[in-house]
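In: I'll drop the sequence and a predicted model, then ask my questions.
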Amino acid sequence: GAGVSQSPSNKVTEKGKDVELRCDPISGHTALYWYRQSLGQGLEFLIYFQGNSAPDKSGLPSDRFSAERTGGSVSTLTIQRTQQEDSAVYLCASSASSARGQETQYFGPGTRLLVL
Amino acid sequence: GDSVTQMEGPVTLSEEAFLTINCTYTATGYPSLFWYVQYPGEGLQLLLKATKADDKGSNKGFEATYRKETTSFHLEKGSVQVSDSAVYFCALAGAGNNRKLIWGLGTSLAVNP
């Protein structure tokens, strides 16, 4: 079956521009997570969706970052007025629900963002 | 807050050598523990996991045991292969619905023939 997909795979933008990153989770997975992987910071949690709501946005680094999820499926992470420190690989993961809570997270290939 | 401390790399071994990558954690409650692997040019993949104390996760010859008394989840493999060259990440997730992963910094492993 299809795994988690992300687009674009690479994005080069100029400082100050807005970017949108897309994630298509595994069908039927109710939980969706965004992480960021950068050289200086390692892997960091950004935001968690359960269905279309985001009960945990604590990892978003500034108000320039926002995300939404529609139809309990596709999610978009938007970065406004990009800065060079936003350069990183943005990873999306999804997981199924069970009586114990969320299960194993499966990761997409990531979007590599470079801000010039 | 919760945190994961992982052995720094890079680690370089010869084929068939024994591998240990240390991982310790700090967490409230009873987290689940994971090892993820990232092969060159590929995405993160779950290698193994353990969800409660004394559980042993295993996959592809790798093993790790959830040790609550030492708050550790060390990764081991008895005989590494060149194809094991990758970056290995230790992570934890709390209980409940929000199982966001808290990550170690990763350990790069290079296995030479």
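Out: That came in fine, so what should we check first?
In: any weak-confidence spans in chain A?
Out: Scanning chain A for pLDDT under 70 picks out A:1, A:98-102.
In: For B:Lys77, give me phi and psi.
Out: With angles defined as degrees, to the nearest 10, B:Lys77 sits at phi -150, psi 130.
In: What's opposite A:Glu68 in the beta bridge?
Out: Counting by DSSP bridges, A:Glu68 forms beta bridges with A:Thr76.
In: ok, it - how many residues close by?
Out: When neighbours are defined as other C-beta atoms under 10 Å in any protein chain shown, A:Glu68 has 13 of them. In this view, the C-beta of every residue, glycine as well, is placed from N, C-alpha and C.
In: just the strands in chain A please.
Out: A:5-7, A:10-13, A:19-24, A:31-38, A:42-50, A:53-56, A:65-69, A:75-79, A:88-95, A:97-98, A:101-102, A:106-107, A:111-115 (DSSP state E).
In: which residues touch B:Thr26?
Out: Shown in contact with B:Thr26 (C-beta atoms under 8 Å, 6 or more residues apart in numbering or on different chains): B:Asp2, B:Ser3, B:Val4, B:Thr5, B:Thr71.
In: same thing with A:Arg64?
Out: A:Ile79, A:Gln80, A:Arg81, A:Thr82, A:Gln83, A:Asp86.
In: Could you report the separation of the second one from chain B?
Out: As judged by C-beta to the nearest C-beta, to the nearest Å, A:Gln80 and chain B stand 23 Å apart.
In: what separates the spatially most central residue of chain A from chain B, distance-wise?
Out: Residue closest to the average C-alpha location in chain A (C-alpha atoms, centre = their mean): A:Trp34, at 3.1 Å. To chain B, A:Trp34 is 10 Å away according to C-beta to the nearest C-beta.
In: can you pull the contacts of that residue?
Out: A:Cys23, A:Phe45, A:Leu46, A:Ile47, A:Gly59, A:Ala67, A:Ser75, A:Leu77, A:Tyr90, A:Leu91, A:Cys92.
In: Please apply the same query to B:Cys90.
Out: B:Val4, B:Gln6, B:Ile21, B:Cys23, B:Tyr25, B:Leu33, B:Phe34, B:Trp35, B:Phe73, B:Leu75, B:Trp103, B:Gly104.
In: my guess is the last one contacts B:Asp2, does it?
Out: No - B:Gly104 sits out of contact with B:Asp2 when judged by C-beta atoms under 8 Å, with a separation of 11.7 Å.
In: Looking at these two now, which is surrounded by more residues?
Out: Under the criterion of other C-beta under 10 Å, the comparison of B:Gly104 against B:Asp2 puts B:Gly104 first, with 26 against 14.
In: so is the spatially most central residue of chain B in a helix, a strand, or just coil?
Out: Nearest to the mean C-alpha position of chain B, counting by C-alpha atoms, centre = their mean, stands B:Trp35 at 3.3 Å. Here B:Trp35 is recorded as strand under DSSP: H, G, I helix; E, B strand; the rest coil.
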